[in-house]
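> sequence first, then the predicted structure:
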Amino acid sequence: MTIPTALTQKNLDLTGERRRPESWESGSTVPRAAADRVQWPAPERLTLSALGSLAFGKVRLAAEHRPLRDWLNRRVLVFCDRMPAALRDSALLAVQAHLARYRAGHVAAFYDKYYPPAWTVIPFLASSRDEVAPGQVHDALGAQAAAMFLHLLDDHLTDGDIPVDNLFLQLRTEVWGEFQDGLARLAGSDQEANQTVESLVNLYFSHIHRPPERPDLAAYETVFLGQSATSLIAPLLIAAQAGYDTEQRQLIRSMYEEFCLAWRILDDLRDAAVDAAADQATAVFHLLPIESRWVWHDVAMNPSDGDRRNALLDVLRCAAYPAAVQAIHTHVTTAARVADELNLPGLRGQYHALAHPLKEVTP
Amino acid sequence: MKTYRDFISDIVDDTSLYEELCQAVPFSEQAQLNDWFATRGYQLNSTDVEVLFANQEEVAGSDEQVNY
């Protein structure tokens, strides 16, 4: 894959690595030293405070993907640059405040916070078969960056975590425009590609706006996958460009969805104490035995009550935590197996790296 | 003169500038923060300065785990 000259001349030293502290390396959400020690506690050692530190294993980016990560990190600036002049200056600081907890370092490394297979799937697919033009890879990555940003932005907008004001509404409009523009260039006049875009955008909105009931884990996962559908489009379009047939693209879709589900359950596990306090029925709730679910509701009645929190911890240790670990491990190793089936060894390696710390606690 | 947007753009490429900022925090006055950026070629508007100063510990923080 050819990387645009502008991306290579300035940013890289002779080793191909830009100057960046180890702690920011390659898609990790935690500093490298800590990430290398990612350890999941045995169930009997689990604490509520430890939940928030659970993370996938470390993924080291291939050298050829590091400039793409830098390019992705610049997309936040591109989104803000699309804003009308009157809002442009404020937009970046607003993103920094509300989506990066004010951290300048986080907004400059925005996409480092996402586990790499969320976007490396695109260059892995593009370089695996028929030649794909670099411009198309960047169109796909740009659309993917927009989809990932929108997923986060929409989540916070609908939760009321960020103000629904003219700045954020316009920002959402601009990022959606960036998403659509990239997909339109990728799809061109190809009827099948345009149908893929249309059907997955419809799937997204049918699950994000007035989502269906989620009485059990299967329904919960189905709704979540619908809400993630926008991040499937660019990988599927680039797979078509690379020559994957319909059946293979279905496999690529299931591989990506397995990864998304693993991530969803991990995220729910990290937030279990907070979600119980808010009485949110997440994947962890659905993994509790029916006879224990009253504990979840009980915590919501008085989240600061130590006895209720201890009761929650007990049922997490005995049931939901082992079940969640097993589910995460199964989803991510299934993604790895499908990557292997598709002859995508680099992607398979990344999935295995994510699953690595789970090995020791998987029954 | 460059803007705060350019500062973020620059630290995407080279984090040493960001590390400098982390070491300079905390500033006791808004003017000090403004001067830090100005001496490095960045002209911040008054809103930027106000927001960055009010949240300077967070602005320069990097230890917190953030998961999307």
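Nice, I can see it.
> burial measure for the closest residue to chain B within the stretch 1-150 of chain A, as a count.
With CB to the nearest CB, the shortest gap between the stretch 1-150 of chain A and chain B falls at A:Tyr102, namely 3.6 Å. Where you see a C-beta, it was placed from the backbone N, CA and C, and this is true even at glycine. By the criterion of other CB atoms under 10 Å in any protein chain shown, A:Tyr102 has 21 neighbours.
> shouldn't it be in contact with B:Phe53?
No - if you go by CB atoms under 8 Å, A:Tyr102 and B:Phe53 don't touch, sitting 11.4 Å apart.
> report the contact partners of the spatially most central residue of chain B.
With distances taken as CA atoms, centre = their mean, the residue of chain B nearest its centroid is B:Leu21 (5.9 Å). Residues near B:Leu21 by CB atoms under 8 Å, 6 or more residues apart in numbering or on different chains: A:104, B:36, B:59-60.
> rerun that using 6 Å as the cut-off
Shown in contact with B:Leu21 (CB atoms under 6 Å, 6 or more residues apart in numbering or on different chains): B:Ala60.
> which stretch of helix or strand covers it?
Following DSSP states H and E, one finds B:Leu21 within helix B:16-24.
> which SS class is the residue of the stretch 1-150 of chain A closest to chain B?
Following DSSP: H, G, I helix; E, B strand; the rest coil, the label given to A:Tyr102 is coil.
> nearest spatial neighbour of it, chain-adjacent residues omitted?
Leaving aside its sequence neighbours, A:Tyr102 sits nearest to B:Glu58 (CB to CB, 6 or more residues apart in numbering or on different chains; 3.6 Å).
> tell me how many other residues surround the one you found.
B:Glu58 is flanked by 18 other residues according to other CB under 10 Å.
> and whichever helix or strand it is part of, what's its mean pLDDT?
Following DSSP H and E, one finds B:Glu58 within helix B:56-59. Mean per-residue pLDDT for helix B:56-59: 88.
> can you check stretch A:176-190 too?
The model assigns stretch A:176-190 a mean pLDDT of 97.
> helices of the stretch 51-200 of chain A, start to end?
Along the stretch 51-200 of chain A, the segments classed as helices by DSSP state H, counting those that start in this stretch run A:66-73, A:75-81, A:85-99, A:104-108, A:117-126, A:134-159, A:166-187, A:191-208.
> poorly predicted segments of chain B, please.
B:62-68 (pLDDT under 70).
> closest residue of it to chain A?
B:Glu58 (3.6 Å).
> and the residue of the stretch 1-150 of chain A closest to chain B, what is it in contact with?
Counting by CB under 6 Å, 6+ apart, the residues that A:Tyr102 touches are A:96, B:55, B:58-59.
> distance to A:Leu236 added to the residues you listed, as JSON lines?
Listed next are those as JSON lines, based on distance: CB to CB, whole Å:
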{"residue": "A:Gln96", "distance to A:Leu236": "32"}
{"residue": "B:Asn55", "distance to A:Leu236": "40"}
{"residue": "B:Glu58", "distance to A:Leu236": "38"}
{"residue": "B:Val59", "distance to A:Leu236": "39"}
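> tell me the one of those nearest A:Asp271?
Nearest to A:Asp271 among these is B:Glu58, at 20.9 Å by CB to CB.
> so how far is A:Asp161 from that closest one?
For B:Glu58, the distance to A:Asp161 equals 16 Å [CB to CB, to the nearest Å].
> A:Tyr102 too?
14 Å.
> list the buried ones in stretch A:131-147?
A:132, A:136-147 (16 or more other CB atoms under 10 Å in any protein chain shown).
> kindly apply the preceding question to stretch B:28-40 instead.
In stretch B:28-40, counting by 16+ other CB under 10 Å, buried: B:30, B:33-34, B:36-37.
> of those, which belong to helices?
Secondary structure from DSSP state H places B:30, B:33-34, B:36-37 of these in helices.
> what's the closest of those to A:Val299?
B:Leu33 (42.1 Å).
> quick one: contacts for that closest one?
B:27, B:53.
> one more pass at 8 Å, please.
Counting by CB under 8 Å, 6+ apart, B:Leu33 touches B:27, B:49, B:52-53, B:56.
> related to what we said a few turns ago, so which of the helices of the stretch 51-200 of chain A comes closest to A:Arg308?
Using CB to CB, the helices of the stretch 51-200 of chain A put helix A:134-159 closest to A:Arg308, at 24.0 Å.
> show me what the closest one is packed against.
Here helix A:134-159 touches helix A:66-73, helix A:75-81, helix A:85-99, helix A:117-126, helix A:166-187, helix A:230-241, going by 3 or more CB pairs under 8 Å, 6 or more residues apart in numbering or on different chains; DSSP states H and E.
> okay, those helices in JSON lines with mean neighbour count next?
Shown next, in JSON lines, are the helices and strands packed on helix A:134-159 (neighbours: other CB atoms under 10 Å in any protein chain shown):
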{"stretch": "helix A:66-73", "mean neighbour count": "21"}
{"stretch": "helix A:75-81", "mean neighbour count": "20"}
{"stretch": "helix A:85-99", "mean neighbour count": "18"}
{"stretch": "helix A:117-126", "mean neighbour count": "25"}
{"stretch": "helix A:166-187", "mean neighbour count": "19"}
{"stretch": "helix A:230-241", "mean neighbour count": "25"}
